[in-house]
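[1] Sequence plus predicted model, see below.
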Amino acid sequence: MQPNAQARLHDFFAAHPALAATQAPLTQAVEAIIASYRQGGKVLAAGCGGSMSDAEHITGELLKSFRCKRPLPPAFVQKYEALFGEAPPPLEASLPAVCLTGNAAILTAVMNDIGGDYAFAQNALGLCNPGDVLIAISTSGNSRLLLPAVKVARAKGAVTVLLTGGTGGKLKPLCDIAIVAPAAETYLVQEQHILLYHLICAAVEEAFFFAAA
C-alpha cells in the first residue's frame with residue numbers, strides 16, 4: 001500500500017480508538033481492493049434495507065471523485081478526441097464498482113422464478129470474476145440474501161469482504177475478510193459502517209489519485 005493510503009488509515013484509527021479492532025481487517029480489505037483494481041478487477045457490493053443504501057453509497061464513492069481530483073486518463077482523452085474531433089465532457093476518472101441490488105427486473109425475476117433468497121446470488125454468478133472484491137454488508141451477519149451470494153462469489157474466485165456488527169453472525173466464517181463494528185444495535189452498527197467504508201473508499205482513491213489531489 002502506498003504511504004499516503006497508509007497515512008490515512010493511521011490517522012483515522014488514531015482519532016477513533018474505539019474502532020481499533022477493525023484496523024487489521026480493514027487494512028486487508030483496502031489492500032485487496034487496490035490489488036483487484038490494479039489487475040483490472042472491480043468491486044461489487046450488496047446489502048438489505050439500510051445496508052442496501054450503504055452498498056449503493058460505496059459504489060457511488062468509487063465511481064466518481066470522493067476526496068481527490070480524478071483527471072481522465074490521457075489515453076481515453078486522446079481516443080475520444082480522435083473519434084469525435086472534440087474534447088470529452090467534464091467527467092471524472094472512475095474506479096469500477098457495481099451494486100448487486102440495483103436492477104429490479106432481475107431481482108424480481110429471481111424472486112418469482114427461483115426464490116427470493118437467491119436474488120443477490122444470481123447477480124453474483126453473472127457479474128463476479130476471479131480477482132474481483134465483493135463487499136457484503138449485514139449489521140447482524142445473518143442476511144439470507146447475502147449467505148448464498150457470498151458462497152457464489154467465492155466459488156467464482158472473488159475476494160469477499162464482510163461489513164457487520166455484533167458477533168459477525170453466519171457470514172463471518174464464510175468471508176475472506178470480516179470487518180466487525182464493535183456495536184450490536186442496528187443503527188449503531190450502521191453509523192460505524194459509514195465511517196469505516198468512507199475510510200476504505202478514501203484510502204483506495206488516494207492509492208490511485210493522490211498525485212492529482
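    Looks like it came in fine.
[2] C-alpha only now, for contacts and for neighbours.
    Will do.
[3] So which residues of the protein form helices?
    3-15, 23-38, 50-63, 74-84, 104-113, 119-127, 146-155, 186-209 (DSSP state H).
[4] Pipe the ones you listed into a markdown table and attach mean pLDDT and distance to T139 per row.
    A markdown table is the format used below for those (pLDDT from 0 to 100; distance: least, C-alpha to C-alpha, whole Å):
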| stretch | mean pLDDT | distance to T139 |
| --- | --- | --- |
| helix 3-15 | 87 | 21 |
| helix 23-38 | 97 | 16 |
| helix 50-63 | 97 | 8 |
| helix 74-84 | 98 | 40 |
| helix 104-113 | 92 | 21 |
| helix 119-127 | 96 | 17 |
| helix 146-155 | 98 | 12 |
| helix 186-209 | 96 | 6 |
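[5] buried residues in stretch 145-165?
    Buried positions in stretch 145-165, judged by neighbour count with 16 or more other C-alpha atoms under 10 Å: 145-154, 156, 158-165.
[6] no wait, stretch 42-59
    Neighbour count says stretch 42-59 has 42-48, 51-52, 54-59 buried, by 16+ other C-alpha under 10 Å.
[7] so K170 touches N142, yeah?
    Yes - between K170 and N142 there is a contact under C-alpha atoms under 8 Å: 5.3 Å.
[8] so which of the helices of the chain gets nearest I135?
    Closest to I135 of these is helix 50-63 (C-alpha to C-alpha; 7.8 Å).
[9] quick one: contacts of the lengthiest strand in the chain?
    What stands out as the longest strand in the chain, according to DSSP state E, is strand 159-165. For strand 159-165, contacts defined as C-alpha atoms under 8 Å, 6 or more residues apart in numbering pick out 29, 32, 131-141, 150, 153-154, 171-172, 175-184, 189, 193.
[10] show me the contacts for the residue located most distally from the centre of the chain.
    Residue farthest from the centre of the chain, counting by C-alpha atoms, centre = their mean, is G85 at 36.1 Å. Contact analysis of G85 by C-alpha under 8 Å, 6+ apart lists nothing.
[11] ok, now with 10 Å
    Counting by C-alpha atoms under 10 Å, 6 or more residues apart in numbering, G85 touches 78-79.
[12] swap in the one 10 residues further on?
    Contact partners of L95, counting by C-alpha under 10 Å, 6+ apart, are 37, 40-43, 59-65, 204-205, 208.
[13] nearest to P25, of the residues you listed?
    V204 (14.5 Å).
[14] so the closest one touches Q28, yeah?
    No - with contacts counted by C-alpha atoms under 10 Å, V204 stays clear of Q28, the gap being 11.6 Å.
[15] what residues are shared contacts of these two?
    With C-alpha under 10 Å, 6+ apart as the test, V204 and Q28 both reach I34.
[16] Those two - which one has more neighbours?
    Per other C-alpha atoms under 10 Å, whichever of V204 and Q28 has more neighbours is V204, with 25 against 16.
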